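1. Dropping a prediction and its sequence here:
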Amino acid sequence: MRKIKYDRKTGMYLPASARPHNKGYGEAGASWRKRAVKGFNAPSGSAHEDIDFNNFTLRQRSRMLYMAAPIATSAVKTNRTNVVGVGLRLKSRIDREVLGLSPEQAEKWQKDTEREFNLWAGDKRACDATGMNNFYGLQQLTLISWLLSGDCIGIIKQYSPTLLLPYSLRIHLIESDRIATPVANGTGTAITYTTGKNPENGNLIYDGVEVDSSGMIVAYHIRSNYPFEIGAPVTEWTRVLAYQEHTGLPNIIHVMDSERPDQYRGVSYLAQVIEPLLQMRRYTESELMAAVIESFFTAFIKTAAPTDENPFNETGPAGPDVPEEPRGPNDYSMGPGQVNIMEPGEDVEFANPTHPNSGFDAFMDAISAQVGAALEIPADLLLKQFNSSYSASRAALLEAWKAFRMRREWLADDFCRPIYEIWMSEAVARGRIYAPGFFDNPTIRAAYLGSEWLGPSQGQLDPVKEITAEILACSEGYSTHEQSTIRLNGGQWDANVEQLQRENEKLNGQSPDPHQSGSGTEPAQTQEGAKTGEEDNNPHNPDNARRKGIQAFRSMVINEAIKESIKSMQEGEKNE
């Protein structure tokens with residue numbers, strides 16, 4: 001006879017063979033039977049429910065930690081310094097084959113365009129609607145706001161051009177709090193109202209971002225003030241189209257990174273580590289206060305005499321003209337050299353913890369490593385402590401720079417390149433840049449808009465080893481001189497070559513202007529054989545001898561560096 005048992009899930013009496021059984025993940029992470037996870041209730045909804053409903057709180061807490069928790073400040077500023085640094089500089093990369101330009105023509109067009117762009121980007125009055133930052137400062141501000149608030153919004157504005165400011169384009173950055181879903185009476189809050197509907201067209205609005213029936217962003221709704229701003233007038237909303245109707249250029253620059261489909265608002269960079277950062281701050285403050293209190297030399301005098309006069313108490317009047325505040329029944333304080341007269345019959349006792357705590361550093365390092373792992377910043381870089389071996393420190397930097405380069409490319413895609421396209425359109429329309437076919441053919445337009453945005457380099461822990469590696473990579477064809485220059489110091493190889501040519505001419509006592517070296521318009525020739533190239537192989541030619549000497553010296557340096565690098569790696573492996 002089969003056993004019949006009551007099944008709690010179905011509410012029915014079923015035989016053992018008919019009762020539902022856990023299968024697959026039901027016996028693992030989805031189990032409701034195992035003790036370890038059966039109390040693990042993890043409700044989750046759509047991206048709008050999980051993110052939009054909680055974004056207001058996440059922003060406030062992230063900003064507070066940035067202002068008050070050193071580890072949080074380090075995480076954000078480390079990204080700011082390495083991703084943007086002093087600014088991402090334009091390097092024009094046009095497709096000269098599509099445009100039908102020679103290498104020389106393409107190089108000249110790119111240099112002229114970079115120079116013209118810097119005329120606008122380098123002047124804070126020319127590019128910032130508030131006149132506070134130039135384009136490179138706006139990049140820093142955008143990144144910090146993006147990391148703290150989850151996203152950053154740039155409004156495209158047009159000002160009247162002047163003789164000194166020939167461009168009308170201006171960027172007005174606003175914080176993400178001001179992108180909000182409108183409320184009919186203007187009194188809703190960012191906490192209670194995030195999802196709405198546009199009554200004119202029926203489009204849904206998710207936390208200020210209006211989308212059409214296909215989910216495409218069509219407009220943004222901007223508040224006239226911040227939520228809960230003290231003394232602010234009645235809130236009004238302005239609807240701004242995401243793109244211009246006639247040109248298709250963006251009206252709004254929205255910088256964010258997505259972690260879920262159907263997500264229209266970003267999440268703070270610190271969201272996943274808010275709790276450990278807060279607890280670390282509390283623990284640090286507690287240890288710091290305990291150490292300060294322990295350093296005090298404070299005396300408590302027990303007496304049966306009146307305690308009205310106390311010549312030793314530092315809490316008395318600050319001077320002859322300052323009235324003494326009456327002492328309360330429990331007014332005692334601790335401080336350096338502090339003396340307190342106690343009332344008759346009173347006593348004082350202290351807990352006697354041992355400070356500084358010997359496990360403080362180890363505990364903070366362990367939690368910092370977890371925080372850094374979540375933020376993609378190794379603990380060494382987060383704490384700015386490089387106490388590991390060369391190999392370990394270099395591995396940490398390489399891992400961190402994967403994330404830095406990724407965020408740099410995101411910032412370039414969401415911020416720099418859209419603004420560059422808007423600027424280029426105005427520059428071509430005003431005739432300041434010659435780009436035939438720019439407005440006629442999308443392919444030609446894209447060919448002109450090719451760009452690369454160069455920022456700070458990773459730097460070197462051991463310059464000799466790393467520069468030697470770049471020299472080898474260039475000599476063997478694994479890298480170009482331009483790529484190596486960008487990796488080593490973030491510079492531009494073409495500019496370096498031009499500068500080195502001028503410096504070498506000065507060192508050789510030659511004029512940088514070839515027209516000044518001879519009596520005619522052609523450069524002077526010192527030997528007839530120079531015209532035919534006979535002197536190139538002449539061992540008695542001092543220029544050839546010097547060139548060969550430099551090559552021999554470079555080969556020697558490379559070989560010695562390789563030997564030293566191999567030796568250092570072997571020693572490091574032994575030590576580890």
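-> Perfect, I can see it now. Numbering: from 1, shown residues only.
2. where along the chain do the strands fall?
-> Taking DSSP state E to define them, one finds strands in the chain at 4-7, 12-15, 89-92, 151-158, 169-175, 195-197, 204-206, 209-211, 217-223, 237-241, 252-256, 298-302, 338-342, 451-454.
3. For Lys111, which of these is the nearest?
-> strand 89-92 (7.9 Å; C-beta to C-beta). All C-beta spots, glycine's among them, are computed from the backbone N, C-alpha and C.
4. So which residues make contact with the closest one?
-> Strand 89-92 is contacted by residues 109-111, 113-114, 117-118, 121, 136, 416, 420, 450-455, 492 when judged by C-beta atoms under 8 Å, 6 or more residues apart in numbering.
5. now do stretch 484-503
-> Residues outside stretch 484-503 that contact it (C-beta under 8 Å, 6+ apart) are 85, 91, 107, 454-458, 460, 466-467, 470-471, 473-474, 480-482, 512.
6. mind running it again at 6 Å?
-> With contacts defined as C-beta atoms under 6 Å, 6 or more residues apart in numbering, stretch 484-503 is touched by Leu454, Pro456, Ser457, Glu470, Cys474, His481, Glu482, Pro512.
7. re earlier: please produce TSV containing the strands of the chain, extended by distance to Gln60.
-> As requested, the strands of the chain are arranged in TSV below (distance: least, C-beta to C-beta, whole Å):
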stretch	distance to Gln60
strand 4-7	47
strand 12-15	49
strand 89-92	35
strand 151-158	15
strand 169-175	12
strand 195-197	20
strand 204-206	20
strand 209-211	20
strand 217-223	16
strand 237-241	21
strand 252-256	18
strand 298-302	38
strand 338-342	38
strand 451-454	32
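8. hmm, back to that, need the contacts of stretch 484-503 in a markdown table with neighbour count and distance to Ala47, can you?
-> Formatted as a markdown table, those follow (neighbours: other C-beta atoms under 10 Å; distance: C-beta to C-beta, whole Å):
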| residue | neighbour count | distance to Ala47 |
| --- | --- | --- |
| Leu454 | 17 | 34 |
| Pro456 | 17 | 34 |
| Ser457 | 16 | 36 |
| Glu470 | 18 | 44 |
| Cys474 | 16 | 46 |
| His481 | 14 | 46 |
| Glu482 | 16 | 41 |
| Pro512 | 12 | 60 |
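9. between the strands of the chain, which gets nearest to Ala68?
-> Comparing the strands of the chain under C-beta to C-beta, the one sitting nearest is strand 169-175, at 18.8 Å.
10. Which elements pack onto the closest one?
-> helix 135-149, strand 151-158, helix 417-429 (3 or more C-beta pairs under 6 Å, 6 or more residues apart in numbering; DSSP states H and E).
11. Tell me what angle it forms with helix 417-429.
-> Per axes from the mean of the first three to the mean of the last three C-alpha atoms, to 10 degrees, the angle that strand 169-175 makes with helix 417-429 is 160 degrees.
12. Report the buried residues of strand 169-175.
-> Leu169, Arg170, Ile171, Leu173, Ile174 (16 or more other C-beta atoms under 10 Å).
13. quick one: low-confidence parts of the stretch 351-500 of the chain?
-> For the stretch 351-500 of the chain, the stretches with pLDDT under 70 are 351-356, 461-462, 490.
14. those helices in it, which residues are they?
-> 360-375, 379-383, 390-411, 417-429, 442-448, 463-475, 481-489, 493-507 (DSSP state H, counting those that start in this stretch).
15. nearest to Thr235, of those?
-> Closest among the helices of the stretch 351-500 of the chain, once you apply C-beta to C-beta, is helix 417-429, at 28.5 Å.
16. That closest one - contacts with which helices or strands?
-> In terms of contacts (3+ C-beta pairs under 6 Å, 6+ apart), helix 417-429 is packed against strand 169-175.
17. And the lowest mean pLDDT element among the helices and strands of this protein?
-> helix 529-532 (a mean of 46; mean pLDDT, DSSP states H and E).
18. circling back to that earlier point, so which of the helices of the stretch 351-500 of the chain gets nearest Thr238?
-> helix 417-429 (20.0 Å).
19. Measure how that closest one sits relative to helix 135-149, angle-wise.
-> Using the same axes, to 10 degrees: helix 417-429 against helix 135-149 is 150 degrees.
20. what angle do helix 417-429 and strand 151-158 make?
-> 10 degrees.
21. Please enumerate residues in contact with helix 417-429?
-> Tyr167, Leu169, Leu249, Pro250, Ile253, Ile433, Ala435, Phe438, Leu449, Ser451.
22. Sketch out the low-pLDDT regions of the stretch 201-350 of the chain for me.
-> 296-343, 345-350.
23. hang on, isn't Arg93 packed against Glu452?
-> Yes. Checked against C-beta atoms under 6 Å, the pair Arg93 and Glu452 is within contact range at 5.2 Å.
24. low-scoring stretches of the stretch 1-150 of the chain, by residue?
-> For the stretch 1-150 of the chain (pLDDT under 70), the answer is 1-2, 5, 7-11, 13-22.
25. if you set the cut-off to 90 instead, what comes out?
-> For the stretch 1-150 of the chain, the stretches with pLDDT under 90 are 1-49.
26. Please parse this protein into its domains.
-> 50-270, 457-506 (the TED database).
27. Can you lay out these as TSV showing distance to Arg445?
-> Converted to TSV, these look like this (distance: least, C-beta to C-beta, whole Å):
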stretch	distance to Arg445
domain 50-270	10
domain 457-506	25
